[in-house]
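Model the following, please.
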Amino acid sequence: QVQLVESGGGLVQAGGSLRLSCAASGRTFSSYAMGWFRQAPGKEREFVAAINWSNSKTYYADSVKGRFTISRDNPNIMVYLQMNSLKPEDTAVYYCAATTYYSSSYYYSESNFGSWGQGTQVTVSS
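As a prediction, this is how the structure comes out:
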């Protein structure tokens, strides 16, 4: 099992930026990719971004493409989500997750991620 702890959420005005961090520990060698998902009040949890641990290829939801950047720091087993040009509709609880699937086709569904963090709140005011 992989333990994940997110940090970096908060309140920001529209147009602002935030950087989320996710610290991984435990059986991290068993994970091929890390992802970020988010859940807004009254909505389903949705895919935001993912990064393949070995080749650093990145994948994004259309709604965040060009504004958010996912990256990793291998030595410290950290994953980051840099969020720029934030909009009120980005308001949600953001979750870090790990998957043992290598193929990127699995990254877009939360059901393919077996380890999850506790989430961090991001609120964007208009």
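
SS state for the residue sitting nearest the centre point of the chain?
Averaging the C-alpha coordinates of the chain gives a centre point, and the residue nearest to it by Cα atoms, centre = their mean is residue 36 (1.8 Å). Of the three states, residue 36 takes strand under DSSP: H, G, I helix; E, B strand; the rest coil.

Residue 105 now?
Taking three-state DSSP, the label given to residue 105 is helix.

and the gap between it and residue 75?
29 Å (Cβ to Cβ, to the nearest Å). Bear in mind the C-beta positions are built from the backbone N, C-alpha and C, glycine included.

And those two? Which one has more around it.
Between residue 105 and residue 75, residue 105 has the larger neighbour count (other Cβ atoms under 10 Å), namely 10 against 5.

Run through the residues that contact that one.
Contact partners of residue 105, counting by Cβ atoms under 8 Å, 6 or more residues apart in numbering, are absent.

Confirm for me that residue 84 is in contact with residue 90.
No: taking contacts as Cβ atoms under 8 Å, residue 84 lies outside contact range of residue 90: 10.4 Å.

Name the residue in those two with the higher neighbour count.
Ranked by neighbour count (other Cβ under 10 Å), residue 84 and residue 90 place residue 90 first, with 22 against 14.

and that one, how far is that from residue 74?
From residue 90 to residue 74 the distance is 27 Å (Cβ to Cβ).

With residue 64 instead?
Residue 64 is 23 Å from residue 74, by Cβ to Cβ.

the more surrounded of these two?
More neighbours surround residue 64 than the other of residue 64 and residue 74, with 22 against 10 (other Cβ under 10 Å).

State the distance from that one to residue 96.
For residue 64, the distance to residue 96 - Cβ to Cβ - is 15 Å.

likewise residue 60?
15 Å.

Equivalent analysis for residue 58, please.
Taking Cβ to Cβ, one finds residue 58 at 15 Å from residue 96.

how much space between residue 107 and residue 84?
22 Å.
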